[in-house]
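Colleague: Here is a sequence with its predicted model. Questions after.
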Number of protein chains: 2
Amino acid sequence: MEHEPGRREQILDAAFEEFSDKGLAGATIKSIAQRAALKSPALIYWYFPEGKQELFYAAAEAKITFLGVFKDPEPLMEAPPELALPTIASAYLTFAADPTARRLFRLLLAEAPRHPGLLEPVVARGPLRVLGFLSAYLERQVELGRLRPHDTRAGARAFIGMLIPQALSHVLMPQLQVDGPTDAEHMRTAIGIFLDGLKPDGREAGGDSHDSH
Amino acid sequence: MEHEPGRREQILDAAFEEFSDKGLAGATIKSIAQRAALKSPALIYWYFPEGKQELFYAAAEAKITFLGVFKDPEPLMEAPPELALPTIASAYLTFAADPTARRLFRLLLAEAPRHPGLLEPVVARGPLRVLGFLSAYLERQVELGRLRPHDTRAGARAFIGMLIPQALSHVLMPQLQVDGPTDAEHMRTAIGIFLDGLKPDGREAGGDSHDSH
DNA sequence: TTCGCTTGAATGATCGTTCAATCATGCGTA
DNA sequence: TACGCATGATTGAACGATCATTCAAGCGAA
């Protein structure tokens, strides 16, 4: 009944690495079998009888659910922005530096034109949840008078966005890192701008922090 | 028969669309020939005798150079941030919405593990130039006393970054658009935060706008 | 005819997948 | 205990399909 628990996950891991390296079309069953140290590609069909595409889905979904578990950020809800925002930013940059997360995201992005359904749960569990929490947090801080009123959906996107070039810099494009700030430097400057820009006492620049369409 | 003057570019365009849809490994010479309305895949080898991979490079580089021409932003150098930043942001969002640019970027990102050399010139001519100009612009505005002193490299990245989730929202992940702000709303809020955060008169929150490592 | 261009057919390689045979292991039974 | 055997797991070989690429022949125009 229960065989050695490693075989299936061994194949899934090898498949994910091959797929994330070469894409669904570029990776071959043979190369996956070799990376999994199998003596024959046929063995893959014992564990995944439905073939290559289903193996691709299984490998991707395994990593999706594995990366889908986020710590509950509720305890941060009442923390002042000077404390909460660096915590969120640091957690975000740490996550964005995870090699598996990067591989998964790039893979799903590359296959998105042919398999749009795979990207959806990742977006829903990842960016959408983060932005949703951050927006609620900003709203709460506005209530508490610690931040000036503003469109917190846009504020949440702006805050996360400020970190993206930095996350990409030492992850996707090493050229961006040349002559660029370190993570700590960038975080300090970005958070400083964001906090100063949302200080409750200062008068606003645009005059309208509410959308009025 | 007089061959249309566009034969070569016709193949290059079809190849780019096929490659950006299916990737280098997923696209086939036959499918490219069909998309280019050729009666035989063999004709591709008359114009690109070195085969599929060279056709891929040629198609990618053609789009890279085509998209590589940016208007000279020098005239903006002395404009006040209240004017220049919306202009830059609007231009950035417009460019990010261009379907060809998105296809090209996604293609190069997908093939980056095996062809890292292709991504370099894009990064150099695109993000690196934009960030370089924006950093210089912020530096100039600090000189003029219109912005408070800060790490302008981080400031440039933060500003461009603030727009990225919005650019991605209606481009890569339609889910992000649900219940999200419009481009204009997001731009107004983000630029407002950025300008307020760098106002020269207001006192700073963190106290250190200079990195001190 | 000559030359640039086009085409259908063919070639060899590689791919995903199937299949029959074999090994490993535990279990019921004598 | 010893034996036979069912079942899960593994393997090498093979099949058909599809791929990139080549080639020889055909086409129109100078």
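Modeller: Noted; the coordinates are in hand.
Colleague: Can you tell me the element the residue nearest to A:Ala37 when sequence neighbours are not counted falls in?
Modeller: Nearest residue to A:Ala37, sequence neighbours excluded (CB to CB, 6 or more residues apart in numbering or on different chains): A:Gln10, at 7.7 Å. Every C-beta, even on glycine, is put in place using the N, C-alpha and C of the backbone. A:Gln10 belongs to helix A:6-26 when assigned by DSSP states H and E.
Colleague: buried ones in that helix?
Modeller: Neighbour-count burial for helix A:6-26 flags A:10-26 (criterion: 16 or more other CB atoms under 10 Å in any protein chain shown).
Colleague: The residue nearest to A:Ala37 against A:Arg35, yeah?
Modeller: No. A:Gln10 lies out of contact with A:Arg35 (CB atoms under 8 Å); the separation is 9.5 Å.
Colleague: Next, A:Pro181: secondary structure please.
Modeller: coil (DSSP: H, G, I helix; E, B strand; the rest coil).
Colleague: so what pLDDT did it get?
Modeller: pLDDT for A:Pro181: 86.
Colleague: Not counting sequence-adjacent ones, nearest residue to it?
Modeller: B:Ala154 (4.6 Å).
Colleague: Count the residues that sit near that neighbour.
Modeller: Neighbour count for B:Ala154, taken as other CB atoms under 10 Å in any protein chain shown: 27.
Colleague: How about the backbone phi and psi for A:Lys71?
Modeller: Backbone geometry at A:Lys71, expressed as degrees, to the nearest 10, gives phi -70, psi 150.
Colleague: Relative to DNA strand C, how far out is it?
Modeller: In this structure, A:Lys71 and DNA strand C are 38 Å apart, going by CB to the nearest atom of the strand, to the nearest Å.
Colleague: Relative to A:Phe95, how far out is that residue?
Modeller: According to CB to CB, to the nearest Å, A:Lys71 and A:Phe95 sit 11 Å apart.
Colleague: low pLDDT regions in chain A?
Modeller: Segments of chain A classed as low confidence (criterion: pLDDT under 70) are A:1-5, A:171-178, A:202-213.
Colleague: Would you state the helices of it in chain order?
Modeller: A:6-26, A:29-35, A:44-47, A:52-67, A:81-96, A:99-111, A:116-125, A:127-143, A:152-169, A:183-197 (DSSP state H).
Colleague: Tell me which of these is the most buried.
Modeller: helix A:152-169 (a mean of 25; mean count of other CB atoms under 10 Å in any protein chain shown).
Colleague: quick check, distance from that helix to the centre of its chain.
Modeller: The chain centroid and the centroid of helix A:152-169 are separated by 12 Å under CA atoms, centre = their mean, to the nearest Å.
Colleague: Give the other helices and strands that it contacts.
Modeller: helix A:81-96, helix A:127-143, helix A:183-197, helix B:152-169, helix B:183-197 (3 or more CB pairs under 8 Å, 6 or more residues apart in numbering or on different chains; DSSP states H and E).
Colleague: For A:Pro165, which of the ones you listed is the nearest?
Modeller: Closest approach to A:Pro165 among the helices and strands packed on helix A:152-169 (CB to CB): helix B:152-169, 4.0 Å.
Colleague: Tell me what angle that closest one forms with helix A:127-143.
Modeller: Using axes from the mean of the first three to the mean of the last three CA atoms, to 10 degrees, the direction of helix B:152-169 lies 120 degrees away from that of helix A:127-143.
Colleague: Return helix B:152-169 as CSV; C-alpha atoms alone will do.
Modeller: Taking Å, rounded to 0.1, in the frame of the first residue of the first chain, the C-alpha atoms of helix B:152-169 are listed here in CSV:
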residue,chain,number,x,y,z
THR,B,152,18.0,59.6,-4.8
ARG,B,153,18.9,56.1,-6.1
ALA,B,154,16.4,54.7,-3.6
GLY,B,155,14.0,57.5,-4.2
ALA,B,156,14.0,56.8,-7.9
ARG,B,157,13.4,53.1,-7.3
ALA,B,158,10.7,53.8,-4.9
PHE,B,159,8.9,56.1,-7.3
ILE,B,160,8.9,53.8,-10.2
GLY,B,161,8.1,50.9,-8.0
MET,B,162,5.0,52.6,-6.7
LEU,B,163,3.6,52.3,-10.2
ILE,B,164,4.5,48.6,-10.8
PRO,B,165,1.6,46.9,-9.0
GLN,B,166,-0.8,49.2,-10.9
ALA,B,167,1.0,48.4,-14.2
LEU,B,168,0.8,44.7,-13.4
SER,B,169,-2.8,44.9,-12.3
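Colleague: okay, the helices of chain A in CSV with distance to B:Leu107 next?
Modeller: Listed next are the helices of chain A as CSV, based on distance: least, CB to CB, whole Å:
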stretch, distance to B:Leu107
helix A:6-26, 11
helix A:29-35, 22
helix A:44-47, 29
helix A:52-67, 19
helix A:81-96, 22
helix A:99-111, 8
helix A:116-125, 16
helix A:127-143, 22
helix A:152-169, 17
helix A:183-197, 28
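Colleague: ok now do the spatially closest residue to A:Glu54 that is not a sequence neighbour, which residues does it touch?
Modeller: Of all residues not flanking A:Glu54 in the chain, A:Phe48 sits nearest, at 5.8 Å (CB to CB, 6+ apart). Shown in contact with A:Phe48 (CB atoms under 8 Å, 6 or more residues apart in numbering or on different chains): A:Ile11, A:Glu54, A:Leu55, A:Ala58.
Colleague: And chain B, is stretch A:61-73 touching that?
Modeller: No. Residues of stretch A:61-73 contacting chain B under CB under 8 Å from any CB of the partner chain: none, with a closest distance of 14.5 Å.
Colleague: what does that stretch contact?
Modeller: Contact with stretch A:61-73 is made by A:9, A:12, A:16, A:88, A:98, A:100-101, A:104, A:118, A:121-122, A:125-126, A:129-130, A:133, A:137, as judged by CB under 8 Å, 6+ apart.
Colleague: Repeat the analysis, applying 6 Å as the threshold.
Modeller: Residues outside stretch A:61-73 that contact it (CB atoms under 6 Å, 6 or more residues apart in numbering or on different chains) are A:Leu12, A:Phe16, A:Ala101, A:Leu104, A:Val122, A:Arg125, A:Phe133.
Colleague: ditto for stretch A:14-22
Modeller: Stretch A:14-22 is contacted from outside by A:Ala27, A:Ser31, A:Ile32, A:Arg35, A:Ala36, A:Leu55, A:Phe56, A:Ala59, A:Lys63, A:Arg103, A:Leu107, B:Pro113, using CB under 6 Å, 6+ apart.
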